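Asks: got a sequence here, can you build the structure:
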Amino acid sequence: MAGSLFDQLKKSGLVDEKKAKKVKREKYQQSKQSKNKKGQTTQTEATKLAAEAAQKKAERDRQLNQERQQQQAQKAAKAELYQLIDSNRLKKVDGDIAYNFVDGTVVKTLNVTAEIHKRLVSDKIRIAKFKSGYALLPETVAEKVAQRDENVLIPIAKKDDSLSKEDEEYYAQFEVPDDLIW
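Replies: Residues are numbered from 1 along each chain as shown. Take a look at the predicted model:
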């Protein structure tokens with residue numbers, strides 16, 4: 001009995017040649033399908049991992065793109081603000097009268113003409129930080145600048161409301177000269 005099981009069954013007459021080939025073919029197809037299923041599972045896992053990685057990359061790219069767009073929008077807004085200030089600032093304001101104002105915690109001085117000084121005191125002109133210095137802006141332009149960025153404008157000095165009306169009327173009769181130097 002030295003042969004395969006198939007040979008032994010064939011000799012005994014239990015299996016004929018046609019049936020043997022059919023069984024062999026079915027067995028081969030089953031083994032082939034089982035191999036494909038194993039390959040498909042690994043392929044499916046790899047596909048899932050690749051899709052997940054692509055999704056993470058797309059999300060990261062979207063966030064970076066959004067940040068980049070925000071930076072560009074801020075840059076454009078800043079450029080628009082500087083252009084607004086540059087095109088509307090008052091020219092030829094240098095004069096002999098010193099106008100003092102507070103920028104943060106530092107007292108700064110601008111030398112302006114008499115007319116500009118009067119308009120600064122009456123809040124018809126506002127001072128804005130511009131590049132490394134300051135620019136004088138008309139009140140209408142200052143409102144537009146304030147809408148875009150309030151921090152660019154130097155705050156207006158507020159009146160001292162500690163005096164009563166009677167005291168204000170009393171001191172109003174004493175005119176303080178504009179050219180008073182301490």
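Asks: care to break this structure down by domain?
Replies: As given by automatic domain parsing, the domain ranges for the chain are 13-88, 89-172.
Asks: for the longest one, give the mean pLDDT please.
Replies: Which is domain 89-172. The predicted model assigns domain 89-172 a mean pLDDT of 85.
Asks: gap between the residue most central in space within the chain and Asp96?
Replies: The residue lying closest to the centre of the chain (Cα atoms, centre = their mean) is Gln70, at 3.0 Å. According to Cβ to Cβ, to the nearest Å, Gln70 and Asp96 sit 47 Å apart. All C-beta atoms are positioned from the backbone trio N, CA, C, and that covers glycine.
Asks: check Ser87 too.
Replies: 27 Å.
Asks: and the strand ranked longest in the chain, what's buried?
Replies: In the chain, ranked by residue count with DSSP state E as the criterion, the top strand is strand 94-103. For strand 94-103, a neighbour-count test (16 or more other Cβ atoms under 10 Å) marks Ile97, Tyr99, Phe101 as buried.
Asks: now do the end-to-end distance for stretch 150-165.
Replies: 32 Å (Cα to Cα, to the nearest Å).
Asks: my bad, should have said stretch 108-120
Replies: 14 Å.
Asks: now the helices for the chain?
Replies: 5-12, 17-88, 114-121, 139-148, 165-172 (DSSP state H).
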